[in-house]
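1. Predicted model follows, preceded by the sequence.
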Amino acid sequence: MGKKKCNKSKNLNLTVLNINLRSDINNLTWACNLLESKLSNMTAEIQILTMDNLELMRLKQNLEKEKENLTEELIRTQSSEVNVSRAQWSIEAYCSEATYCRRCENCQKGWKSHGSSCYVIVNNHELSEWRSWNEAQDDCKRKSSDLVVIESIEEKNFVQEHSWESSKKQGYWIGVRAIAGKWMRVDGTSPVEGQCVISHSGGWTPVSCDERNRWTCEKKALSI
């Protein structure tokens, strides 16, 4: 009799344990299914985010390319504006406006024409207005020119005809100076011996580049 009671008790315990195990298995299965569902959702979200990221990268590349194109277009536009401004300046500087038309000259107003060049001869009265060689060259540069480089007797005579009285001590700077012990023109060609040079009625004289003299600027004449 006692043995039967013991067996019944064991069976009951096993039944309860079995029920609990099944419940745990069901709970774990539900939890696994839930995690799988969440994982599936997260995987889908990752795929969506990846696609969005690729699209954003594509848009970024397109915008960068568009920015590059716009920058190039802006540079071209600015260059065109500069060219138009220069062309307008050339028209105003070289072409006087008449009633019905413009008359264009080889040289702008205030410059003298000779051969294929234009000249402005700075005949300042006051010694305080005279300049060193470098200062004179800077002034010519501001006028879009250089100190004159005399290349012929005709050019020399033309410049002297339009210059005031000068001497070996007081003349006009020309585009020659000493570089490394040699005469060099402003364009870097034709080396000769000496320092900086002034042109005067008697010819050329080498003097210190720091002395102060008048000067003559030269640039190419306009082809019309």
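-> Happy to help now that I have it.
2. hey, let's count contacts and neighbours off CA atoms from now on
-> OK.
3. can you tell me how far residue 33 sits from residue 40?
-> Computed with Cα to Cα, to the nearest Å, the distance linking residue 33 and residue 40 is 10 Å.
4. Likewise for residue 61?
-> Taken as Cα to Cα, the span from residue 61 to residue 40 is 32 Å.
5. Strands along the chain, start to end?
-> Taking DSSP state E as the criterion, the chain contains strands spanning 95-97, 102-104, 112-114, 117-122, 146-147, 172-173, 176-179, 182-185, 196-200, 203-207, 214-220.
6. for the last one, packing partners?
-> Using 3 or more Cα pairs under 8 Å, 6 or more residues apart in numbering; DSSP states H and E as the contact criterion, the elements in contact with strand 214-220 are strand 117-122, helix 133-142, strand 146-147, strand 172-173.
7. so which of these is the most packed in?
-> Most buried of those by mean neighbour count (mean count of other Cα atoms under 10 Å) is strand 172-173; its value is a mean of 32.
8. Report all helices and strands that that one contacts.
-> Checking 3+ Cα pairs under 8 Å, 6+ apart, strand 172-173 ends up next to strand 196-200, strand 214-220.
9. Relative to that strand, what are the paired strands and their orientations?
-> Note on strand 172-173: by DSSP bridges, its sheet partners are strand 196-200 (antiparallel), strand 214-220 (parallel).
10. contacting residues around the longest one?
-> The list of residues contacting strand 214-220 from outside it, by Cα atoms under 8 Å, 6 or more residues apart in numbering, reads 116-124, 130-131, 136-137, 140, 144-149, 171-174.
11. could the strands paired with strand 172-173 go into TSV alongside mean pLDDT, distance to residue 165 and mean neighbour count?
-> Shown next, in TSV, are those (pLDDT from 0 to 100; distance: least, Cα to Cα, whole Å; neighbours: other Cα atoms under 10 Å):
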stretch	mean pLDDT	distance to residue 165	mean neighbour count
strand 196-200	85	8	25
strand 214-220	92	11	24
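12. With residue 26 as the reference, name the closest of these.
-> strand 214-220 (99.9 Å; Cα to Cα).
13. re earlier: out of the helices and strands packed on strand 172-173, which comes closest to residue 55?
-> Among the helices and strands packed on strand 172-173, strand 214-220 sits nearest to residue 55 (Cα to Cα), with 57.6 Å.
14. before we move on, back to that, and the strands of the chain, which one's lowest on average pLDDT?
-> Sorting these by mean pLDDT places strand 182-185 lowest, at a mean of 56.
15. Low-confidence stretches in this protein?
-> 1-10, 80-103, 166-168, 177-194, 223-224 (pLDDT under 70).
16. spatially speaking, which residue is in the middle of it?
-> residue 75 (9.1 Å; Cα atoms, centre = their mean).
17. returning to what we had before: just put the strands paired with strand 172-173 in TSV and tack on distance to residue 17.
-> Converted to TSV, those look like this (distance: least, Cα to Cα, whole Å):
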stretch	distance to residue 17
strand 196-200	116
strand 214-220	112
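18. among these, which is nearest residue 207?
-> Closest among those, once you apply Cα to Cα, is strand 196-200, at 5.6 Å.
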